[in-house]
Structures are given as structure tokens and as C-alpha cells.
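# Structure, please.
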Amino acid sequence: MKPFRLYAITGEEFHPGRDVVEVMEEAIQGGVDIIQLRDKTSSKKAVLEKARRLKKLAADYGIPFIVNDHIDVALAVDASGVHVGQDDLPLPEVRKLLGPEKIIGVSTHKLEEALEAEKNGADYIGVGPIFPTNSKADVVDPVTTAYIREVKEHVTIPFVAIGGIKRHNVREVIEAGAEAICVITEIVAARDVKAASQALLAAMEEASQ
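Okay, here's the model as predicted:
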């Protein structure tokens, strides 16, 4: 898996009236280098259709396309991989279904989960939520940047910080040791999606100097 810096997740409820593929294309043009389809409310058929279109978009730009939760949809469209949470199918079972070549990401909220994901062969882990966030209904309490430091010290696989990360607080995240961040609203809800992506990357770059 190629290293990535800026990971964007879809959030169609944050850009009503705008097509998801159009929004994600602008994000990619602004520097997003991996995208994920997360859709917990649409029909399976609708999720499949969006996945097909986003897979093509990602392929056109040569970046990975990840599907959240829907392993069957990921297989159907030949996505780059899937992202699963702590309550989803266990990672070894996901790997059996997807095979050795696909990317599997796992959400983690504490060090034990991170180490377990690493042991079970995750390609990367999500680390968060770092700050309070309204992007998910079932969100756990913020883990703060202290968790980033723990993961940086004890885990060797790539990780991406997620949860409430904005341009104004991204410095804290980078200074704690994160090299990649994942966002939803800071990008997809922006009036100028491309500019928002560029601004985030610039802030990350500045913080890592």
C-alpha cells in the first residue's frame, strides 16, 4: 500500500444537492490521495451504484478506493479494499473474503485494539476520534492526541488520525506524530472543496516543518 496523507470520506448529508462523485473529484484535485465511500442509510443497490462510480473516479486519478463496511459491494466493484469498525466482521474473516492483495483498514479507539489489528494483519488503522465530532451518530468519546502518541510509539503499521480534525487544529495532530489525517466535513461540506483540501495539506506541511 502506497503511503497516503489526506484521506477523505464521503458525507453526502453535508453537501445536499451536490453529486458525491463531483465533490470527491474536487477533493482529489485538491490533494486527497485516498477516498472512502461510507453510506449507512442507502439501499444496497444505491451503495453499489455509488461505489461503481467512485471506483472509476479513483482509478482515473490512480488512487485507492475504500468501501466502509460493505464487503460484498467492495468485492462486486473490485475496490482497493474495505474499512471496518470494532463491531464489524473480525479482520481474519474479512481477509479470507477479500484475499491477500486488498487493503483492510480498522477503526481503533485504544492501544489494545490497535495492537490487535496489527497482529491480525490490518494494512492501516484509524486512530480516533481525536476531537469531538458530529459526523457519526455512534461516535465514542474523543481519545485526544495522547492516543496518537501511544500508537506512534507502539504500532508499526500505518495509521490515520480521524475525528473532528479541522484546519485550525491539525497542527496538534501532526505534532503528536500523525503523518496522515482523515476528514469528512472539513472537506465535503466546504463551499470550495478543492481549496479546502489544499488548505488542509498546506497546514499539515507547515506543522511538520
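# Any chance you could list what contacts stretch 100-112?
For stretch 100-112, contacts defined as Cβ atoms under 8 Å, 6 or more residues apart in numbering pick out 1, 64, 66, 74, 79-86, 91, 94-95, 98, 113-114, 117, 121-129, 140, 143, 147, 150-151, 154-155, 160, 162. C-beta: built from backbone N, CA, C; applies to glycine.
# can we see that at 7 Å?
1, 64, 66, 80-86, 91, 94-95, 98, 114, 117, 122-127, 140, 143, 150-151, 154 (Cβ atoms under 7 Å, 6 or more residues apart in numbering).
# Over to stretch 115-133?
1, 81, 91-92, 95, 103-108, 114, 139-140, 142-145, 147-148, 151, 154-165, 169, 173, 182.
# filter the residues you listed to the buried ones?
81, 91, 95, 103-108, 114, 142-143, 145, 147-148, 151, 155, 157, 159-165, 173, 182 (16 or more other Cβ atoms under 10 Å).
# Can you give me the buried ones in the top helix by length along the chain?
Across the chain, the longest stretch assigned as helix under DSSP state H is helix 44-61. The neighbour-count check on helix 44-61 (16+ other Cβ under 10 Å) flags Val47, Leu48, Lys50, Ala51, Arg53, Leu54, Lys55, Leu57, Ala58 as buried.
# now, which of those sits nearest Val20?
Minimum distance to Val20 across the buried residues of helix 44-61 is 6.0 Å, recorded for Lys50 (Cβ to Cβ).
# still on that earlier bit, closest one of the buried residues of helix 44-61 to Arg191?
Leu57 (20.9 Å).
# Would you enumerate the residues in contact with the closest one?
Val21, Met24, Glu25.
# go with 6 Å
By Cβ atoms under 6 Å, 6 or more residues apart in numbering, Leu57 lies in contact with Val21, Glu25.
# quick one: average confidence on the biggest strand by length in the chain?
Counting by DSSP state E, the longest strand found in the chain is strand 103-108. Taken as a whole, strand 103-108 has a mean pLDDT of 98.
# CA-only coordinates of it in PDB, if you can.
The C-alpha trace of strand 103-108 is given here as PDB (Å, rounded to 0.1, in the frame of the first residue of the first chain):
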ATOM      1  CA  ILE A 103      -6.300  -3.100   1.700                       C
ATOM      2  CA  ILE A 104      -8.000  -3.600   5.100                       C
ATOM      3  CA  GLY A 105      -8.300  -0.700   7.500                       C
ATOM      4  CA  VAL A 106      -9.600  -1.000  11.000                       C
ATOM      5  CA  SER A 107     -11.000   1.800  13.300                       C
ATOM      6  CA  THR A 108      -9.400   1.700  16.700                       C
END
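# and whatever helix or strand comes next after that strand, which residues are buried?
Later in the chain than strand 103-108, the nearest helix or strand by DSSP states H and E is helix 111-119. Applying a neighbour-count criterion of 16+ other Cβ under 10 Å, one finds Leu111, Ala114, Glu116, Ala117, Glu118 buried in helix 111-119.
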